[in-house]
Each structure stands twice: as C-alpha cells, then as structure tokens.
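Chemist: Sequence and predicted structure below; questions after.
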Amino acid sequence: MSGAELAELLRAVRWSPWTARYNIAPTQLAPILRLGEDDQRELVSAKWGLIPSWAKDSTIGNRMINARAETAAEKPAFRAAMKKRRCVIPASGFYEWQKIEGSKAKQPWFIHSADKPIIAMAGLWELWERADEPIESFTVLTTTPNAMMTALHDRMPVILDPDDISEWLAPDASPEQINGMLTPASDGTLGAHRVSPRVNRPANDDSSLTQPITETP
C-alpha cells in the first residue's frame, strides 16, 4: 500500500512517499502515524528500533524493537514516549515464527485482520539528535497473546481498534485510558496462515511472501 493510500485510510493530512513493502526487518524504515506539532495526523517513515533521546549510541535501538505494554511506562527507555509520543504502526499484517517439534527450523505465519485491509499496532516513537542527521525511531508495544496467537507465540503486538486510534494518539489521554487499550486483540478479529520460509531472508521483499502455502513441515 502506498503512502497516499495509507494516508487516506488513516485520515492523515500529511504523509511521506512510501512504496509498498512486504518484509520489513528491524532497523529498517517503516511508516508510522502520529500527531504533528499542529495536532494533525501525519504519516512519516521511522526506523524500527527505538533510540532513547538520552542514548549515547544509536545502536541501542537494535534491542528496542518491542516494548512490553505492562511495563513500558516504568522503563527509562520508554517512559517519556509513553506519555507524549505514542504512535500507530499500520501494516497489512505481521509475521510470527512457530516452533516445529523435533526440528530447529521454525514455521513462519502471516497474521492479518480478519475483515480490514490493515491492522493498527500501538507503538512509541522518539527523536534522537546526537548525530549529524537526527533519527526518528519507534518500537512496537506487545501484550499477552489471544487464543489464536497462543499456539504461535507467548506475546503479540497491541492491535488498536480503529475507533481507539484518536484516543491513543491524543496527548492528553490519561494513564487509565491508555492502559485500557493495551489488551490482546479480541478473538475472531485476526486471521493467520502459513507462509514460505523465504520470508526468513530480509532481502526477499515481494507480495508472494504473504500468500498462504499448503505444504506443512
């Protein structure tokens, strides 16, 4: 989905050019939705892996691709962003890898909305300015899995209901309002299917990666 298409879907008034991607890896750029200085929605590209503003070295972001929703408000790396810099990471879906009994290999799955073109993952963003070029980065908030995800992993992204996006982005949202949205996706709202292990290589980035495969390990 292009930047313009995402912007229309998410009612963003500004957006960066974006070409559809199918295999975004940590440290790469991805689109995020946030409020600009004028409190209008904007869609910008940011680096996956949050770099705290106080960090001396940007490589700390390589370890900050996810943040546990239960503790993010208490962690120094995420505390300020949890209060002031919440964002949404829109995607057609996400990949998860299931352990295969008796094998070192893992089976990749593609998880997507059951009835919508995209999912809206809750995230946090930061601006790091200790280099010649400032870096905007983000992390994905995770929570306990719903019934479907339990078979695949012990965590899942926080997926916002479309009606909750405005409240999630609102700078004056209370801790109680925020915590009320940090819950597993309701059962039945997501679908999932096995996909090719080609997704294991970040260099592979085409639409076939999200298509279901019939063969099982």
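Modeler: Thanks, I have the structure now.
Chemist: Would you agree residue 30 is in contact with residue 24?
Modeler: Yes. Residue 30 is within contact range of residue 24, at 5.0 Å (criterion: Cβ atoms under 8 Å). (Glycine included, C-beta is placed from N, CA and C.)
Chemist: Would you map the helices across the protein?
Modeler: For the chain, applying DSSP state H gives helices covering 3-10, 79-84, 147-150, 165-169, 175-181.
Chemist: Lowest mean pLDDT across those helices, which one is that?
Modeler: Note on those: lowest mean pLDDT is at helix 3-10, with a mean of 92.
Chemist: Show me what that one is packed against.
Modeler: In terms of contacts (3 or more Cβ pairs under 8 Å, 6 or more residues apart in numbering; DSSP states H and E), helix 3-10 is packed against strand 14-15, strand 29-35, strand 41-48, strand 86-91.
Chemist: And for the longest one, what's in contact with it?
Modeler: When you say that, I think you mean strand 41-48. Under the criterion Cβ atoms under 8 Å, 6 or more residues apart in numbering, residues 3, 6-7, 10-16, 18, 24-36, 61, 65, 87, 90, 125, 135-140, 169 lie in contact with strand 41-48.
Chemist: Let's have the helices and strands packed on helix 3-10 in JSON lines, adding mean neighbour count and mean pLDDT.
Modeler: Output for the helices and strands packed on helix 3-10, formatted as JSON lines (neighbours: other Cβ atoms under 10 Å; pLDDT from 0 to 100):
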{"stretch": "strand 14-15", "mean neighbour count": "17", "mean pLDDT": "94"}
{"stretch": "strand 29-35", "mean neighbour count": "21", "mean pLDDT": "97"}
{"stretch": "strand 41-48", "mean neighbour count": "20", "mean pLDDT": "97"}
{"stretch": "strand 86-91", "mean neighbour count": "24", "mean pLDDT": "98"}
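Chemist: so which of these gets nearest residue 162?
Modeler: Across those, residue 162 has its closest neighbour in strand 86-91 (9.9 Å, Cβ to Cβ).
Chemist: pLDDT (mean, whole number) over stretch 60-68?
Modeler: Across stretch 60-68, pLDDT averages out at 97.
Chemist: Give me the distance between the two termini of that stretch.
Modeler: End-to-end distance of stretch 60-68: 17 Å, with Cα to Cα, to the nearest Å as the criterion.
Chemist: Pull out the buried positions in that stretch.
Modeler: Residues 60-61, 64-67 are the ones in stretch 60-68 that count as buried (16 or more other Cβ atoms under 10 Å).
Chemist: got a list of what the nearest residue to residue 32 once chain neighbours are set aside touches?
Modeler: Nearest non-adjacent residue to residue 32, counting by Cβ to Cβ, 6 or more residues apart in numbering: residue 87, 4.5 Å away. By Cβ under 8 Å, 6+ apart, the residues touching residue 87 are 32-34, 46, 123-125, 138, 169.
Chemist: can you put those residues in a markdown table and add distance to residue 178?
Modeler: Below are those laid out as a markdown table (distance: Cβ to Cβ, whole Å):
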| residue | distance to residue 178 |
| --- | --- |
| 32 | 17 |
| 33 | 16 |
| 34 | 15 |
| 46 | 20 |
| 123 | 13 |
| 124 | 11 |
| 125 | 15 |
| 138 | 16 |
| 169 | 11 |
